[in-house]
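[1] This is the structure alone, sequence omitted:
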């Protein structure tokens, strides 16, 4: 029971450390695959996005199908994976206490139970994290008039940090 509480505390701590107040934007276009990143610029002519690799994209309203904004944070799959990994780590550390190696079957069952418990705890944390994240979707559908009327709703989500330019 003590190890379960420790595993749950580690998962929750990871969730809290990973939760950021930054916003992630996902842009679906008619000509590109979906682009995820930070919203860097918004005006009546379009938007500017910087992806995680540092690439900068500019989209005109006629190219945009939809813009989805949500808080960055722990995803469901990440939480389940983290929980299972914590459970496996605890199971392996408990298994190392078996000096005589006489209880291999019991230790394997205990490790499997800890991995399962960690995955379940991670699922609960991940589910709550996904539900808590707020955001909205702006469905432009290539309509420049709709975008011009609603682009100001994107302004609070613009990331004002400096854009990294790389020269070759």
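    Received it, and whenever you're ready, just let me know what you need. All of these numbers come straight from a predicted model, not from anything done at the bench.
[2] how about the strands in the chain?
    Using DSSP state E, the strands found in the chain span residues 23-29, 35-43, 46-51, 56-59, 64-71, 135-138.
[3] Which of those strands sits closest to residue 119?
    strand 64-71 (24.0 Å; Cβ to Cβ). Using the backbone N, CA and C atoms, a C-beta is placed for each residue, glycine as well.
[4] centre of the chain versus that closest one, how much separation?
    15 Å (Cα atoms, centre = their mean, to the nearest Å).
[5] Next: stretch 51-60.
    18 Å.
[6] Tell me the buried residues in it?
    57, 59 (16 or more other Cβ atoms under 10 Å).
[7] before we move on, what about stretch 29-43?
    So for stretch 29-43, counting by 16+ other Cβ under 10 Å, buried means 29, 35, 37, 38, 39, 40, 41, 42.
[8] ok, now stretch 148-165?
    151, 154, 157, 159.
[9] contact partners of it?
    22-23, 25, 38-44, 47, 50, 54, 56, 61, 67, 69, 136, 138, 140 (Cβ atoms under 8 Å, 6 or more residues apart in numbering).
[10] average model confidence for it?
    The pLDDT scores in stretch 148-165 average 82.
[11] Just name the closest of the buried residues of stretch 148-165 to residue 127, please.
    residue 157 (24.2 Å).
[12] Apart from its neighbours in sequence, what residue is nearest the closest one?
    residue 23 (4.5 Å; Cβ to Cβ, 6 or more residues apart in numbering).
[13] any idea how far the one you found lies from residue 70?
    7 Å (Cβ to Cβ, to the nearest Å).
[14] what about those two, which has more around it?
    residue 23 (19 against 16; other Cβ atoms under 10 Å).
[15] what sits against the more buried one?
    38, 39, 69, 70, 71, 72, 135, 157, 159.
[16] Low-confidence stretches in this protein?
    1-21, 74-76, 91, 94-102, 129-134, 162-168 (pLDDT under 70).
[17] and the angle from the lengthiest helix in it to strand 64-71?
    Across the chain, the longest stretch assigned as helix under DSSP state H is helix 104-132. Going by axes from the mean of the first three to the mean of the last three Cα atoms, to 10 degrees, helix 104-132 is angled at 110 degrees with respect to strand 64-71.
[18] May I see the buried residues of helix 104-132?
    107, 110-111, 114-115, 117-119, 121-123, 125-126, 129.
[19] Just give me the closest of those residues to residue 82.
    The closest of these, once distances to residue 82 are taken by Cβ to Cβ, is residue 122, at 5.5 Å.
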